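Chemist: okay, predicted coordinates and the sequence, questions at the end:
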Amino acid sequence: MGAAFLAAALLLGACDGRGSHSSAGASDRAEASEEAPAGVHEFGPDRYEAVVYAHEGEYQPSEIRIPVGAEVTFRASARDLPHGFLIEGTDVELDLFSGRFDEGTYTFDEPGEYRFICHVYCGPAHDMMSGVVVVE
């Protein structure tokens, strides 16, 4: 079982960890650091960065608030097992691994609530992994 997991991990690494998933506006992965605080950070007019950490059964933060029309770069990382980060109704779909970030960018042109979920089975708490992007 360990050899199969290692082979799968190597294969994912060779595919830049995305396989057939699409990451809107994805950039090269950066090494994850505890110095990157979870939450939303404005870095220009209508430009935001949302740093999200996945951990068994939850996301930090589980609610992200941004203004309508804002371009948001989601930087997400796992703190334990492999996880996913998929924002329903958008093309943001990230594969999360411990020790590095995956990124995707999206512009929210419509107000509303956009649910995000873990799309990679990660154990018994998988069904509890969700959050929401609130666009106001």
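Modeler: Structure received. Quantities reported herein were computed from a predicted structural model and do not represent experimental measurements.

Chemist: the strand or helix carrying F85 packs against which elements?
Modeler: If you go by DSSP states H and E, F85 is part of strand 83-87. Of the remaining helices and strands, those touching strand 83-87 by 3 or more CB pairs under 8 Å, 6 or more residues apart in numbering; DSSP states H and E are strand 47-55, strand 71-78, strand 93-96, strand 112-117. Backbone N, C-alpha and C define where each C-beta goes, glycine included.

Chemist: what about the nearest residue to V92 once chain neighbours are set aside, how many neighbours?
Modeler: Leaving aside its sequence neighbours, V92 sits nearest to G104 (CB to CB, 6 or more residues apart in numbering; 4.3 Å). By other CB atoms under 10 Å, 25 other residues sit near G104.

Chemist: give me the element G104 is part of.
Modeler: strand 100-107.

Chemist: and that strand, what's buried?
Modeler: Under the neighbour-count criterion of 16 or more other CB atoms under 10 Å, strand 100-107 has 101-106 buried.

Chemist: picking up where we left off before, surely the residue nearest to V92 touches T73?
Modeler: Yes. G104 is in contact with T73 according to CB atoms under 8 Å; the separation is 7.4 Å.

Chemist: my read: L81 touches G123, true?
Modeler: Yes. Look at L81 against G123 with CB under 8 Å: they come within range, at 6.5 Å.

Chemist: who's more crowded, those two?
Modeler: Using other CB under 10 Å, the more surrounded residue of L81 and G123 is L81, with 18 against 11.

Chemist: just to revisit the earlier point, which among the helices and strands packed on strand 83-87 is found nearest to E63?
Modeler: For E63, the closest of these is strand 112-117, at 9.5 Å, according to CB to CB.
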